[in-house]
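Asks: Quick one: sequence and predicted model below, then my questions.
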Amino acid sequence: MKTLEGDFMAANARIALVATRFNDFIVDSLIGGARDTLVRHGAEDASLTLVRVPGSWELPLVTDRLARSGDYDGILALGCVIRGGTPHFEYVAGECAKGLGQVSQQRDVPVSFGVLTTDTIEQAIERAGTKAGNKGAESAMALLEMISLLRRL
């Protein structure tokens, strides 16, 4: 049986990181983990572009614009939505996830979902580089694998 799968090498990959300013005390750690992972896997710092947006609601629009540009092999969306006492969390998190998925499917560009959706600040901190690892780094690995796989298809 022939098996196709990607690897984790970032050689010649042009990658955009789209990151929110909202909850930047968490998101900055996700950016650091993602950047470190990408560089350790062969990405040139000059091939990485960081784009900042206000919040997770804005991620799909900017990601779509970057995907349409044709300048990137993959896009990594980074953000953090923490549940509060109102339904706002559900609207923002749900539309962000749906919008990013649509960008990837409609533009044929891999978009990795590195947006934390947590119930508490403590959970967000755990996923931004402490007990639960760094989800920015994990999302970067998924993006590298998808870029490589799509190049092979």
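Replies: Perfect, I can see it now.
Asks: Pull the residues that contact the longest helix seen in the chain.
Replies: As assigned by DSSP state H, the longest helix anywhere in the chain is helix 88-107. Contact with helix 88-107 is made by 55-57, 59-61, 63-64, 67-68, 75, 77, 79, 81-83, 109-111, 113, 115, 117, as judged by Cβ atoms under 8 Å, 6 or more residues apart in numbering. Using the backbone N, CA and C atoms, a C-beta is placed for each residue, glycine as well.
Asks: Just the buried ones out of these, please.
Replies: The neighbour-count test (16 or more other Cβ atoms under 10 Å) marks 55-57, 59-60, 63-64, 67, 75, 77, 79, 81-82, 109-111, 113, 115, 117 as buried among these.
Asks: ok but residue 78 is inside a strand, no?
Replies: Yes. Assessed with DSSP: H, G, I helix; E, B strand; the rest coil, residue 78 lies in a strand.
Asks: Contact partners for it?
Replies: Contacts of residue 78 (Cβ under 8 Å, 6+ apart): 17-20, 27, 30-31, 34, 114-115, 136, 139.
Asks: again, only this time at 6 Å
Replies: 19, 27, 30-31, 114, 136 (Cβ atoms under 6 Å, 6 or more residues apart in numbering).
Asks: rewinding a little: tell me which of the buried ones among the contacts of helix 88-107 fall in helices.
Replies: Short answer: the buried ones among the contacts of helix 88-107 in helices (DSSP H) are 59-60, 63-64, 67.
Asks: and residue 27, how many neighbours does it have?
Replies: Number of residues near residue 27 (other Cβ atoms under 10 Å) recorded here: 25.
Asks: what's the answer for residue 94, then?
Replies: For residue 94, the count of nearby residues is 12 (other Cβ under 10 Å).
Asks: swap in residue 98?
Replies: Look at residue 98: counted by other Cβ under 10 Å, it has 11 neighbours.
Asks: per-residue pLDDT, it?
Replies: Note for residue 98: predicted pLDDT of 98.
Asks: and the gap between it and residue 138?
Replies: Counting by Cβ to Cβ, to the nearest Å, the gap from residue 98 to residue 138 is 21 Å.
Asks: Could you do residue 90 as well?
Replies: From residue 90 to residue 138 the distance is 24 Å (Cβ to Cβ).
Asks: quick one: which of those two has more around it?
Replies: Neighbour totals were compared for residue 90 and residue 138, and residue 138 leads with 18 against 12 (other Cβ under 10 Å).
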